[in-house]
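A.B. asks: only geometry, no sequence info:
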């Protein structure tokens, strides 16, 4: 199968998943119609709980971080046009699908080519003309589905826009789009930009299980705890602010003046001045030398500093922590992830484990691409081809009904680390060396050549049987030993004799070793049956060694 889109590697993540992958979160879509008539579809009014959900998202840092993290992860997804050939197999990227059809001709092949080209243009148009870019669009889709559970997909000024339930408002038959809560430049209320009645607007939402026409999100089940958490945070803030004072200084009435430097001032004025001087100037006298107060000795013990302010008890802190834990447990993302990545930046927290992707990110990705396929790709594909909206409605196998928007999520999920498993599999002879290299990320060009492999074996095993020594030595580096023989004149006769192929062959055939070459400076050498003039005994032993007598 061609892999032009994914390169030489097999697709990973959602691109390698079957089209029939279960959808834990199912979405609903509908196209709005603001024209009068029986088919008119108005914008749904924003629910009070959705406004509260956005307020809690802004007020609670942990909730803001959790859903922002999901949005940042979602922004790394790549969209492409694909064709479903088998429900139980991954959809084919349009380039791979056309590659397989290169040898087909005829009217049907031409029509298929035309549909594929139109679908590719629509996905490209979505990517190029998304307001803020495709990454920003996918991030907004994730955030709006996680917080209010509802969003609007619209084309405004040739830009594809994701609008929240508060950004899109309807008054009678007038639809307005506003991107800011602030007032206009003239100081009047910001009513937003008026949209035409034929503006393309589609609603996407996560249906509530009780009333499927209404939206749902994990924030709905945690709103009471979120509001309690906000109240507790406000109480904590008020308590801390109540303690932001210097307390009370009690001075008996008999204390009337400071020592020199504050002559003419009252005690209160002198205290205030010395305190402010210490704050304004680090080199002020009051920061180094204590102030000297005069008065009757018996009144000195009655001088007191009395702090005041509300106290923060342990039960209040415990209630705050418990409420936060309940909120995090109710969100669509594990609280361990929020706590574990709270100190990380999005740049290094963007790659997540496969289990986290499958449980919490993939459902949102599937919801997004299914919704875009339903409200964007297929209706506009039929329109682009000049076909009726209900064309091929009863033919699910037609190419227009098998054309979808699919996602490549390889940038946001990591494969499990199989390095240790590869080591164990190779040691147990269950994996080949090629499989080990593939798992570890090495190329086939990194494998050792036969000479290097033999040398490693020799060095690891240590001893080599004598009958294999010559073969191993010559196969490892024959040129080295050839040059060593030619250049060296100090090779012992016994070693030279053992390295002689004729000697090894004679021993293997049960014969005798040929005479070893005489060392330099000697005229004769002992024979194979004599050693220094002594005959070999019958039991195979030699008499005591005698020093050779030089000749000449």
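C.D. replies: Here it is on my side, so go on. Note that this is a predicted model, so its numbers are computed, not measured.
A.B. asks: Other residues contacting stretch 29-37?
C.D. replies: Residues outside stretch 29-37 that contact it (Cβ atoms under 8 Å, 6 or more residues apart in numbering): 39-43, 152, 170, 173, 175, 197-205, 371, 374-375, 379. C-betas here are computed from N, CA, C, even on glycine.
A.B. asks: Spell out the residue ranges of the helices in the stretch 51-200 of the chain.
C.D. replies: 61-74, 94-100, 107-128, 134-146 (DSSP state H, counting those that start in this stretch).
A.B. asks: ok, and which of those helices has the densest surroundings?
C.D. replies: helix 134-146 (a mean of 23; mean count of other Cβ atoms under 10 Å).
A.B. asks: Which strands or helices does it pack on?
C.D. replies: Where contact means 3 or more Cβ pairs under 8 Å, 6 or more residues apart in numbering; DSSP states H and E, helix 134-146 is packed against helix 61-74, strand 150-156, strand 159-163, helix 362-372.
A.B. asks: what does the longest one rub up against?
C.D. replies: What that stands for is helix 61-74. By Cβ under 8 Å, 6+ apart, the surrounding residues in contact with helix 61-74 are 56-58, 138-143, 146-147, 219, 226, 324, 327-328, 331-333, 337-338, 341-342, 346, 349-350, 352, 360-361, 364-365, 368, 412.
A.B. asks: Show me how far that helix is from its chain's centre.
C.D. replies: Helix 61-74 has its C-alpha centroid displaced from the chain centroid by 13 Å (Cα atoms, centre = their mean, to the nearest Å).
A.B. asks: now do stretch 404-414
C.D. replies: Averaging C-alpha positions (Cα atoms, centre = their mean) puts stretch 404-414 12 Å from its chain's average.
A.B. asks: so residue 290 is in which element?
C.D. replies: Using DSSP states H and E, residue 290 falls within no helix or strand.
A.B. asks: how much space between it and residue 277?
C.D. replies: 13 Å (Cβ to Cβ, to the nearest Å).
A.B. asks: Tell me which of those two has more neighbours.
C.D. replies: Using other Cβ atoms under 10 Å as the criterion, residue 290 and residue 277 rank with residue 277 on top: 14 against 8.
A.B. asks: Now the strand or helix carrying the more buried one: buried residues?
C.D. replies: According to DSSP H and E, residue 277 maps onto helix 267-280. Buried residues in helix 267-280, counted by 16 or more other Cβ atoms under 10 Å: 267, 270-271, 273-274.
A.B. asks: Could you do stretch 313-325 as well?
C.D. replies: So for stretch 313-325, counting by 16+ other Cβ under 10 Å, buried means 320, 323-324.
A.B. asks: which among those residues gets closest to residue 403?
C.D. replies: Nearest to residue 403, judged by Cβ to Cβ, of these is residue 324 at 45.7 Å.
A.B. asks: any idea of the pLDDT on the residue nearest to that closest one when sequence neighbours are not counted?
C.D. replies: In space, and not counting its chain neighbours, residue 324 is closest to residue 229: 6.0 Å by Cβ to Cβ, 6 or more residues apart in numbering. pLDDT, residue 229: 95.
A.B. asks: Which strands or helices does the one helix or strand residue 229 maps to pack on?
C.D. replies: Using DSSP H and E, the element containing residue 229 is helix 223-242. If contacts are counted by 3+ Cβ pairs under 8 Å, 6+ apart, helix 223-242 sits against helix 48-59, helix 314-330.
A.B. asks: just to revisit the earlier point, output the buried residues of helix 267-280 as CSV; include the columns distance to residue 111.
C.D. replies: Shown next, in CSV, are the buried residues of helix 267-280 (distance: Cβ to Cβ, whole Å):
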residue, distance to residue 111
267, 99
270, 97
271, 93
273, 92
274, 92
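A.B. asks: Include distance to residue 28 and pLDDT when you put those into JSON lines, please.
C.D. replies: What follows is those, written out as JSON lines (distance: Cβ to Cβ, whole Å; pLDDT from 0 to 100):
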{"residue": "267", "distance to residue 28": "75", "pLDDT": "78"}
{"residue": "270", "distance to residue 28": "74", "pLDDT": "79"}
{"residue": "271", "distance to residue 28": "70", "pLDDT": "79"}
{"residue": "273", "distance to residue 28": "71", "pLDDT": "81"}
{"residue": "274", "distance to residue 28": "70", "pLDDT": "80"}
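A.B. asks: roughly how far apart are residue 223 and residue 234?
C.D. replies: For residue 223, the distance to residue 234 - Cβ to Cβ - is 16 Å.
A.B. asks: Looking at those two, which is more packed in?
C.D. replies: residue 223 (19 against 11).
A.B. asks: Next up, the contacts around residue 387.
C.D. replies: Contacts of residue 387 by Cβ under 8 Å, 6+ apart are residue 400.
A.B. asks: what about it, helix or strand, and which?
C.D. replies: Using DSSP H and E, no helix or strand contains residue 387.
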